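J.: Pasting the sequence and the predicted model now:
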Amino acid sequence: MCAHASVTARGEERFTADTSRVAVDKTQLRKTSSWSCFELVDPSLSLARNKRIDSDDSVRSFSPPRAKSDLAAERQGSIDGGSVTPTSSCSESWEPYATACDLEEAECCEQQHPTVSSEESSMTLLNALDGRTDKEFLDSDDALRFSLFWEAILEPFDQPLLKACQFKTKGIVYVFSFVLTFLTAVEAGLNWPVVLYALGMDKAARTFSLMLLTLSVFSQIPKRYIWRPRPWMVGRAKKVRADKTSSFPSRAAACATIFPLLVLKALDSECGVTLPWYQSAMIVSACIVSTGFARINVGAHYPSDIIAGVAMGSVVWWCGALLEHSFNVVANVGAVLIPSELRLLFAVAASFAVTRIFLERFWAKCSFVFGLLFGSLTYDFAFVPLMESRAPSSLSSVTICSAVVAGLLLLGYGMKAHKKKGAGWQMAVFAQMYCASLCVLMLFRF
């Protein structure tokens, strides 16, 4: 009896030592046949494979898997009224690297714990890998976690493309991905309304302003309220860029859909250049495919995120067109019925009120985005009816370069200043960007 107790103690100590490892390298998790089935190198990662969790996404501890003979002895002991217990049936030769059959047999234990349902989040796997929590990445607690059920559905589509797009992550491929990531960030387009208004291209500038405003707000909704860990966070892709926001959907893919359409529409409205539909489709498709590759290559998105981003970009284009039509009606009525001084006061009051509401309730860092866009739209609503549009051919190269430099300076300052937290500081940044945009536009147009 003493020998058996000694064997049991050694078995329990071995299991405790194996499962108490704190620092777990994500590279120890190797993908095999499906999202819910992994080959485990470290025994503590069996927590991720078996997905034993509580309702608060914390991983429970559980007794080690036992061989069929031990389970049979346990059942026979309970039938005969003996004193055999699950703990005393552990063998000294228990191997922590359990097979799938052993784990299925362990489900017969009376101390069985609940398994992950389709409502559990992909954050469960992230917690099981290295003990991190979503507090490290989320700004709020009201985000909806992306379900493991949908991860399993999308995995046969996502994983092969993830592997194919990361065939090379250095050299010229890295430069290409980095440049595309920069060009398709929503911030990359925020300075263009100021530039276009400064150059007198009012129709194109209005389209840019309203479409970028729609894109900024719409893309922030899923980013704030849906949380899906990025591929590098859960070991499904190499970490090339450590983006820490939600993966779903891809805002870069939405920008890759919107930006070329904006350029094509500006060429049509300001220069009279209209491309055939198939050429326009080829340009937009090339932008989407190259951007999708770049974002997958750096480990920031799944292929399914890219598709969702393109769908979001299509919705944004439709909603932005409706917003532009509504703004045209309001601006035309205001130009007839309201003096320019009152139009300016109304636009300033509305801009500060909307920004304050968004800062407090929805988007804590919208200050410089709204500062640039609302400043341009305020100029449009208050002063464009008094101005005459300019033909692009009448502009000198010095004027064009000066407008571009002014727009880049505003953008650079806004991107630097808005990183500091605090509602008061964010409102100050908005006020600075708003007033600076108006001053630049008045300097170029009056």
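T.: Received, thanks.
J.: Now do the buried residues in stretch 252-271.
T.: Within stretch 252-271, the residues scored as buried using 16 or more other CB atoms under 10 Å are 252-266, 269-270. Backbone N, C-alpha and C define where each C-beta goes, glycine included.
J.: Quick one: the helices in the stretch 151-300 of the chain, in order.
T.: Per DSSP state H, counting those that start in this stretch, the stretch 151-300 of the chain carries helices over the ranges 172-183, 192-198, 202-225, 251-266, 277-297.
J.: what angle sits between the longest one and helix 251-266?
T.: Right, the one you point to is helix 202-225. 170 degrees (axes from the mean of the first three to the mean of the last three CA atoms, to 10 degrees).
J.: Show me what counts as buried in helix 202-225.
T.: Buried residues in helix 202-225, counted by 16+ other CB under 10 Å: 202-220, 222-224.
J.: packing partners for it?
T.: On a contact count with 3 or more CB pairs under 8 Å, 6 or more residues apart in numbering; DSSP states H and E, helix 202-225 meets helix 192-198, helix 251-266, helix 303-337, helix 367-383.
J.: and the longest one, average pLDDT?
T.: If I follow you right, that is helix 303-337. Per-residue pLDDT over helix 303-337 has a mean of 92.
J.: list the buried ones in it?
T.: For helix 303-337, by 16+ other CB under 10 Å, it's 303-310, 312-313, 316-317, 319-320, 323, 327, 331, 334-335.
J.: Also stretch 188-201?
T.: Buried, per 16+ other CB under 10 Å, within stretch 188-201: 189-201.
J.: Tell me the span between the first and last residue of that stretch.
T.: Across stretch 188-201, the terminal residues are separated by 19 Å (CA to CA, to the nearest Å).
J.: show me where pLDDT drops low in the protein?
T.: 1-142, 387-393 (pLDDT under 70).
J.: From residue 278, how far out is residue 371?
T.: Distance of residue 371 to residue 278, computed by CB to CB, to the nearest Å: 39 Å.
J.: my bad, should have said residue 292
T.: Residue 292 is 21 Å from residue 278, by CB to CB.
J.: quick one on the thing from earlier: tell me which of the helices and strands packed on helix 202-225 lies nearest to residue 239.
T.: helix 303-337 (16.2 Å; CB to CB).
J.: Run the angle between that closest one and helix 367-383 for me.
T.: 30 degrees.
J.: Tell me the first helix or strand C-terminal of helix 303-337.
T.: Once the chain leaves helix 303-337, the next helix or strand it forms, by DSSP states H and E, is helix 340-361.
J.: contacts for that following helix?
T.: The contact list for helix 340-361 (CB atoms under 8 Å, 6 or more residues apart in numbering) reads 334-335, 338, 366-367, 370-371, 374-375, 377-378, 381-383, 385-386, 423, 426-427, 430-431, 434.
J.: Buried among those residues? Make that a ChimeraX selection.
T.: Buried members of the contacts of helix 340-361, defined by 16+ other CB under 10 Å, are picked up in ChimeraX with:
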select :334,335,366,367,370,371,374,375,377,378,381,382,383,426,427,430,434
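J.: Name the nearest residue to residue 144, ignoring sequence neighbours.
T.: residue 226 (5.3 Å; CB to CB, 6 or more residues apart in numbering).
J.: Can you report how many residues neighbour the one you found?
T.: 16 (other CB atoms under 10 Å).
J.: cool, and residue 244?
T.: So residue 244, with other CB under 10 Å, has 11 neighbours.
J.: Check the gap between it and residue 274 for me.
T.: Distance from residue 244 to residue 274, by CB to CB: 42 Å.
J.: and if you look at residue 151?
T.: 44 Å.
J.: Over to residue 378?
T.: 31 Å.
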